[in-house]
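Engineer: Here is a sequence with its predicted model. Questions after.
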Amino acid sequence: MKRIQSYWRGAEMELLDIVDEKGNPTGETVPREVAHREGIRHRTAHVWIFRRRGGVVQILLQKRSDNKDSDPGCYDISSAGHIPAGSDYIPSAVRELKEELGVDMNGDELIYCGQRRFRFEREFHGSMFLDNQVSNVYALWLDREEEAFVLQEEEVSEVRWMDFADCVSAVRENRISHCIYMEELELLKNALHLH
């Protein structure tokens, strides 16, 4: 904790648990900004929203705000967020759904689809961004029109339903501006038996 105070004495910050490769907290915390500056492993929860229309499975994509610190303006997971220190995957997923999309739920409807670990380094807004995540991936079936979602404007600029098969091919062929990993779409496809 002394290390954190030396970085952020007196400043308000979002603390994350430092975790092992399986996503278990080590007992140490780090400010979110430091985690991304130094590539320190932390946890996130990813929720993908699905619906069926005319016998076709659709997936909801969110378009990230142009002001985001990573992947601005890209299509992304329906709802995703960092897990604050001391919290866990499901409560964080529920909180992010409410904050980003205005979806109220208690977490019982979330379908666990698997866990992903990944690292990347890229430059955004003139600074290096090092991401080192352990992410639990969930699905949620929710049939709601795009305009019925209440968007958190600083995070999300729009949402868009897309046929799941079209989404997979658009991501694979990079036909849309996105920050979606094929590995995660395959995880969803297998867990939900979308063949």
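Structural biologist: Good, I have the coordinates.
Engineer: What number of residues are in the vicinity of P31?
Structural biologist: P31 sits with 19 neighbouring residues when counted by other CB atoms under 10 Å. Where C-beta positions appear, they are placed from N, C-alpha and C, glycine not excepted.
Engineer: Return the set of residues that bridge with it.
Structural biologist: For P31, the beta-bridge partners are L15 (DSSP bridges).
Engineer: in terms of contact, does it touch D17 like I think?
Structural biologist: No - using CB atoms under 8 Å, P31 makes no contact with D17, being 11.8 Å away.
Engineer: looking at this, R144 is in a strand?
Structural biologist: No - assessed with DSSP: H, G, I helix; E, B strand; the rest coil, R144 is coil; it does not lie in a strand.
Engineer: residue ranges of the strands in this structure, please?
Structural biologist: For the chain, applying DSSP state E gives strands covering 15-19, 25-31, 42-53, 56-64, 75-76, 79-82, 111-124, 127-141, 156-163.
Engineer: can you give me the mean pLDDT across the first one?
Structural biologist: Here strand 15-19 scores 95 as its mean pLDDT.
Engineer: show me what contacts the residue positioned nearest the centre of the chain?
Structural biologist: Most central in the chain under CA atoms, centre = their mean is A80, positioned 2.5 Å from the mean C-alpha point. A80 makes contact with 44-47, 96, 135, according to CB atoms under 8 Å, 6 or more residues apart in numbering.
Engineer: Repeat that for Y181.
Structural biologist: Counting by CB under 8 Å, 6+ apart, Y181 makes contact with 116, 118.
Engineer: And it, how far from D166?
Structural biologist: Relative to D166, Y181 is positioned 17 Å away (CB to CB, to the nearest Å).
Engineer: before we move on, what about K63?
Structural biologist: Between K63 and D166 the distance is 16 Å, computed by CB to CB.
Engineer: which of the two has more neighbours?
Structural biologist: K63 (19 against 14).
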